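Chemist: how would this look folded up:
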Amino acid sequence: MRRGIVACAAALTLLLAGCGGDDGGTTAAAAPSPTGPVPGGECPGMAEGVGAKPVHFGAAGATNLAGLIGGTGTAGVVLAHQAEANLCQWILGFNELIGKGYKVLAFDFHGHGASESSEVGFDDDVVAAAATLRADGATSIVLIGASMGGTFSVAAAPKITPPVAGVVSVSAPLAYAGVSAQQAAATLSVPVLYVANENDGIIGDAATELKAASTASPDAQALVTSGAIHGVPLVIEGGDAKIRTALFAFLAKYAPV
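Modeler: Sure thing, here's the model as predicted:
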């Protein structure tokens, strides 16, 4: 099994190395070490046919974070994964969004997947991801985060300059790993969509509370539907139909392709 994983990662490295596209604008990006983990090495289908390329970046110019950028155009999406996962969790969403014309960056939070550990806050990882996607040509960016990734995306948004076009928080707790989305929501000055299932523990209530806290947002929405599904499965193909409709309506309004 180990030989199979290594062989798969090696094959992905060769595939990504051959992908076309100008990467000169990604100032925070660098080629991955041939001996280190490959971003998305566990899910090579995330790179096949969508022109994805590996990037390494980090807060304040660090390169400890790893991700994959795919797609073209100027409308961008940052995908932030949930706990005990990595960027592969977003494979269906990554490919679908690229197919709809978006430039997409899915990345591993520090200490996850191919990303090295860091002492900065997890919300700073999202800030660095947005800067990397912007440097690669995205002029309007929506942050989409699941569970802890939603918490960190909400907390990151007020720190990002120029501001992102919007935030979609999927099944986010009010706070995670010392980062409070609830506190940040009060200073969030961009459109935000909070989505969750009502029987997902306390998460349904959290979506409503986060919406109520987002008093500075010009368009704060909360959509809590029936069910007990948590995180990424709500918004990828085959997920909650009402939530997916709201998600793509939000993207079309605030980051049109």
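Chemist: let's verify the closest residue to N95 other than its chain neighbours: helix, strand, or coil?
Modeler: Counting by CB to CB, 6 or more residues apart in numbering, N95 lies nearest to V50, which is 5.8 Å off, once chain neighbours are set aside. Where C-beta positions appear, they are placed from N, C-alpha and C, glycine not excepted. State at V50, reduced to three classes by DSSP: H, G, I helix; E, B strand; the rest coil: coil.
Chemist: you'd agree V50 is up against I69?
Modeler: No: applying CB atoms under 8 Å, one finds V50 not in contact with I69, separated by 10.0 Å.
Chemist: who has more neighbours out of these two?
Modeler: The residue with more neighbours, out of V50 and I69, is I69; 30 against 19, by other CB atoms under 10 Å.
Chemist: would you agree the more buried one is in contact with L105?
Modeler: Yes: using CB under 8 Å, I69 is in contact with L105, at 4.9 Å.
Chemist: what do the two both touch?
Modeler: Both I69 and L105 are in contact with 55, 132-133, 136, where contact means CB atoms under 8 Å, 6 or more residues apart in numbering.
Chemist: list buried residues within these.
Modeler: The neighbour-count criterion (16 or more other CB atoms under 10 Å) marks 55, 132-133, 136 among the shared contacts of I69 and L105 as buried.
Chemist: ok, of those, which one's closest to L97?
Modeler: Here the nearest of those to L97, counting by CB to CB, is L133; it sits at 12.2 Å.
Chemist: wait, C43 sits on C88?
Modeler: Yes: with contact defined as CB under 8 Å, C43 counts as touching C88 (3.7 Å).
Chemist: distance of Y102 from G67?
Modeler: Distance, Y102 to G67, using CB to CB, to the nearest Å: 15 Å.
Chemist: I figured A216 hits T187, correct?
Modeler: Yes: taking CB under 8 Å as the definition, A216 is a contact partner of T187 at 6.0 Å.
Chemist: so what's A165 up against?
Modeler: Counted by CB under 8 Å, 6+ apart, A165 has contacts 140-142, 190-191, 254-255.
Chemist: ok, these vs A228, which is closest?
Modeler: The closest of the contacts of A165 to A228 turns out to be V142 (CB to CB; 26.1 Å).
Chemist: hang on, the closest one in a helix?
Modeler: No: under three-state DSSP, V142 sits outside any helix and is assigned strand.
Chemist: pretty sure it sits against G166.
Modeler: Yes: look at V142 against G166 with CB under 8 Å: they come within range, at 4.7 Å.
Chemist: comparing these two, which residue is more hemmed in?
Modeler: Ranked by neighbour count (other CB under 10 Å), V142 and G166 place V142 first, with 29 against 24.
Chemist: partners of that one in the sheet?
Modeler: For V142, the beta-bridge partners under DSSP bridges are V77, G166.
Chemist: distance-wise, check the residue nearest in space to the middle of the chain relative to E198.
Modeler: The centre of the chain sits closest to L79, judged by CA atoms, centre = their mean, with a distance of 1.4 Å. According to CB to CB, L79 and E198 sit 24 Å apart.
Chemist: what about G201, neighbour count?
Modeler: Using other CB under 10 Å, G201 has 13 other residues around it.
Chemist: ok but it is inside a helix, no?
Modeler: No: using three-state DSSP, the assignment for G201 is coil, not a helix.
Chemist: mind listing what it touches?
Modeler: So G201 contacts nothing (CB under 8 Å, 6+ apart).
Chemist: and for A213?
Modeler: A213 sits in contact with 182, 185-186, where contact means CB under 8 Å, 6+ apart.
Chemist: redo those residues as a markdown table? Include pLDDT and secondary structure.
Modeler: Listed next are the contacts of A213 as a markdown table, based on pLDDT from 0 to 100; DSSP: H, G, I helix; E, B strand; the rest coil:
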| residue | pLDDT | secondary structure |
| --- | --- | --- |
| Q182 | 98 | helix |
| A185 | 98 | helix |
| A186 | 97 | coil |
